[in-house]
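**Q** When you get a sec, could you give me coordinates for this:
(one chain, ligands or ions: 1)
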Amino acid sequence: MKYSKLLFIIIVAASCQAGLDSSNQSSSKVSELLRNMTWNEKIGQLSMSYVPELNSDVIAEIKSGKIGAILNGRTSFYSRVMRDSMQRIAVESSRLGIPILFGHDVIHGFRTIFPISLGQSCSWDIDLIRNAAEVAASEASSYGVNWAFSPMVDVSRDPRWGRIAESYGEDPYLNSVFGAAVVSGYQGEQLDSLSFLAACMKHYVGYGAAEGGRDYDYTEISERTLSEVYLPPFKAGLDAGAQSIMSAFNDISGIPATSNTHTVRDKLKNEWNFGGVVLSDWDAIAQLRHHGVAVSDKDAAVAAIKAGVDMEMKTKTYFELDSLNLNHKTWVDESVERLLMFKEKIGLFDQPYAATKYQLTPDTLSRFLARKIARESMVMLKNDRKTLPLQGCESIAVVGPFSEEKELMGWWKSLGDTRDVITPYQGLDRLALSKINVTKKITNFTDLIVACVGESQDWFGENNNRAFLDLPGEQEEWVKSLKKYGKPIVLIIFNGRPLSLTNIIDDVNSILIAWHPGIEAGNALADLLYGFHSPSGKLTTTWPRSVGQVPLYYNRRTSGRPDQISYKDELITPLFPFGFGLSYSSFEYDVPEGEFVESHPRITIDVTNQGQTKASEIVQLYRKRADNIETFPRLSLIGFDKKLIAPDEIKTFIFQVADHQPRDRYFCGSSSADLVEVGI
Ligand code: GLC
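**A** Model prediction:
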């Protein structure tokens with residue numbers, strides 16, 4: 001589906017919700033249950049318990065209806081048998097037989113692990129991202145997971161923040177379209193499909209704005225920035241059918257997200273008419289005491305349920321609520337009704353047990369997809385003298401701390417198994433097709449060095465923040481030491497965030513950003529290095545020259561002296577701009593043309609592949625808005641399209657813009673720093 005077309009559909013279909021019934025009306029079943037539930041059973045439905053193992057206490061809690069949902073960890077989940085035996089206790093041995101929801105952090109795959117989300121976003125391929133979510137849903141639901149704690153759509157403008165790895169980058173529009181694609185991939189169009197997985201958009205809201213890139217730290221977000229930057233991806237996910245949202249740890253300009261009536265009850269539930277469920281993040285309700293807005297667990301519980309947080313993860317403060325307090329009763333009944341409706345909508349009453357017979361594991365098809373999305377996520381930042389693809393080499397040395405690394409599945413690797421990972425060396429050795437000799441050491445016969453460096457999986461992710469953005473440890477010195485061999489150097493970086501490569505960029509011929517690419521790492525890398533496919537990925541975050549420039553993102557608001565902004569000791573421009581990525585081919589952009597069609601601008605541009613290689617090109621459309629009251633971002637991405645173009649072939653890209661304002665100006669090009677204004 002064309003991306004501009006998809007953009008149009010997302011805007012037009014704002015009220016529709018694919019996959020799930022969007023009505024907020026209770027069914028007779030839910031109303032009946034509500035009437036019959038005791039106070040403790042109601043509070044039980046609002047509790048998600050952390051249950052690492054099944055024991056007699058847990059069995060007793062399930063039987064007494066004190067558990068509405070269960071999670072059991074970041075990289076573990078029950079066997080189908082264990083999960084179904086827990087469910088059977090709830091359905092057959094509790095008084096009302098209400099089934100339990102089983103949640104899990106399915107972030108970028110469940111057993112088949114795909115690239116980290118920040119990597120996937122660099123594919124700019126909505127269909128691929130949705131397909132990966134479909135596979136994750138099939139695998140997770142085959143284990144009995146009903147509820148995925150994703151997509152994470154926190155706009156991330158600070159590479160020091162460890163969880164930028166989990167996001168779809170610094171742009172609100174990309175986080176919107178890719179988050180919506182994941183929701184569609186999880187939930188599909190058929191509610192009762194065997195592979196249905198309920199999405200949970202997170203972390204609501206503004207989590208990525210943590211001061212200093214320090215996870216959990218406070219944020220200062222204006223109402224306008226909230227509505228223009230941090231909220232849109234959540235709205236897009238809800239419009240795609242998501243029925244649950246997770247409240248964040250951070251405060252929002254002084255009000256914790258998990259007790260924030262303005263963002264939860266007023267904005268989400270009332271203004272957006274959200275009929276689904278708000279789940280707190282791990283002990284975020286009890287944390288309200290640390291925020292200082294609660295002096296007891298009961299205080300915290302009241303603040304959260306009053307704000308509209310329906311279910312409590314991990315802690316049990318909701319059991320402190322007072323059944324005799326009319327407000328507490330009103331809030332609790334509303335939340336229980338939402339929980340029961342949620343369970344009914346996702347088919348849990350009809351299908352409480354794992355729907356398929358077997359637990360799915362990586363297979364040929366899922367690996368094919370993992371390899372394709374990993375390939376399309378990788379971004380080539382430098383390729384001097386066309387060093388890549390590796391042609392004419394007889395012997396290459398694949399070396400460095402990541403050359404045989406198996407932990408390339410990111411921090412949220414779910415049930416990913418390192419035994420499934422193809423390492424960089426394995427991929428390059430297997431696909432050399434005996435034409436190239438691949439060694440693990442540099443010898444006199446080495447024609448070229450493939451140097452594999454990066455960030456290990458515990459250097460990004462939750463609370464893995466950094467104050468510097470250089471390659472960790474002694475890796476930079478090691479890269480520089482390779483020059484003594486006098487051989488061309490291809491640098492492969494396995495990372496979870498934008499890095500500052502200023503110190504080493506001149507020491508290597510080529511740079512390929514591989515992210516943590518998942519289980520098909522080595523094969524995807526070999527596909528690109530041997531030229532079976534051309535790199536096509538483009539950055540969805542700005543890459544700074546140095547950490548002192550941070551925060552540095554492309555869609556900053558304008559200034560009264562835009563050309564005088566500077567540093568004494570650093571350039572003001574990024575090392576690599578948002579939207580940048582190289583190809584083995586080269587593309588000529590014709591002059592873009594604009595016309596009004598039914599008062600909406602339509603922008604058309606022809607792109608020619610001038611190279612010798614078939615390759616995909618991602619054309620981007622940006623808007624510069626202005627009015628006579630407020631300042632606006634100097635540029636805002638509003639559309640993109642990606643097409644495979646053969647040598648000498650011309651492909652036409654068409655963008656239909658939906659919300660034109662009188663002073664809007666449009667720019668088209670290959671990155672945020674390589675644009676041509678559209679005459680319209
Ligand atoms: C974590 C994360 C959240 C995750 C949850 C359950 O602390 O903040 O993203 O879904 O707890 O693991």
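**Q** how about the helices of the stretch 301-450 of the chain, start to end?
**A** All helices of the stretch 301-450 of the chain, identified by DSSP state H, counting those that start in this stretch, fall at 326-345, 364-377, 424-430.
**Q** Quick check: mean pLDDT of the shortest one?
**A** This points to helix 424-430. For helix 424-430, mean pLDDT rounds to 98.
**Q** Stretch 612-626 now?
**A** Stretch 612-626 shows a mean pLDDT of 97.
**Q** can you count the residues close to the nearest residue to residue 30 once chain neighbours are set aside?
**A** In space, and not counting its chain neighbours, residue 30 is closest to residue 340: 4.4 Å by CB to CB, 6 or more residues apart in numbering. C-beta coordinates here come from the backbone N, C-alpha and C atoms, glycine included. Counted with other CB atoms under 10 Å, the neighbours of residue 340 add up to 26.
**Q** now do residue 202
**A** Residue 202, neighbours per other CB under 10 Å, totals 26.
**Q** repeat for the one 4 residues further on
**A** For residue 206, the tally of surrounding residues (other CB under 10 Å) stands at 26.
**Q** just to revisit the earlier point, looking at the helices of the stretch 301-450 of the chain, which is nearest to the ligand?
**A** helix 326-345 (16.9 Å; CB to the nearest ligand atom).
**Q** Can you tell me which helices and strands the closest one packs against?
**A** Where contact means 3 or more CB pairs under 8 Å, 6 or more residues apart in numbering; DSSP states H and E, helix 326-345 is packed against helix 28-36, helix 39-45, strand 277-280, helix 297-307.
**Q** mean confidence for the longest one?
**A** Okay, so that is helix 297-307. 98.
**Q** Need the residues that contact it.
**A** The contact list for helix 297-307 (CB atoms under 8 Å, 6 or more residues apart in numbering) reads 46, 247, 258-261, 264-265, 280, 285-289, 293-294, 312, 315, 317-318, 320-322, 327-328, 331-332, 335.
**Q** quick one: furthest residue from the center of this protein?
**A** Residue farthest from the centre of the chain, counting by CA atoms, centre = their mean, is residue 444 at 43.8 Å.
**Q** need the contact list for the closest residue to residue 491 other than its chain neighbours.
**A** Nearest residue to residue 491 in three dimensions, chain neighbours excluded: residue 508, at 4.3 Å (CB to CB, 6+ apart). Residue 508 makes contact with 382, 451, 479, 489-491, according to CB under 8 Å, 6+ apart.
**Q** Just send the helices of the stretch 301-450 of the chain back as JSON lines, with distance to residue 594 too.
**A** What follows is these, written out as JSON lines (distance: least, CB to CB, whole Å):
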{"stretch": "helix 326-345", "distance to residue 594": "43"}
{"stretch": "helix 364-377", "distance to residue 594": "29"}
{"stretch": "helix 424-430", "distance to residue 594": "44"}
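**Q** how about those in TSV, adding distance to the ligand?
**A** Formatted as TSV, the helices of the stretch 301-450 of the chain follow (distance: least, CB to the nearest ligand atom, whole Å):
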stretch	distance to the ligand
helix 326-345	17
helix 364-377	21
helix 424-430	29
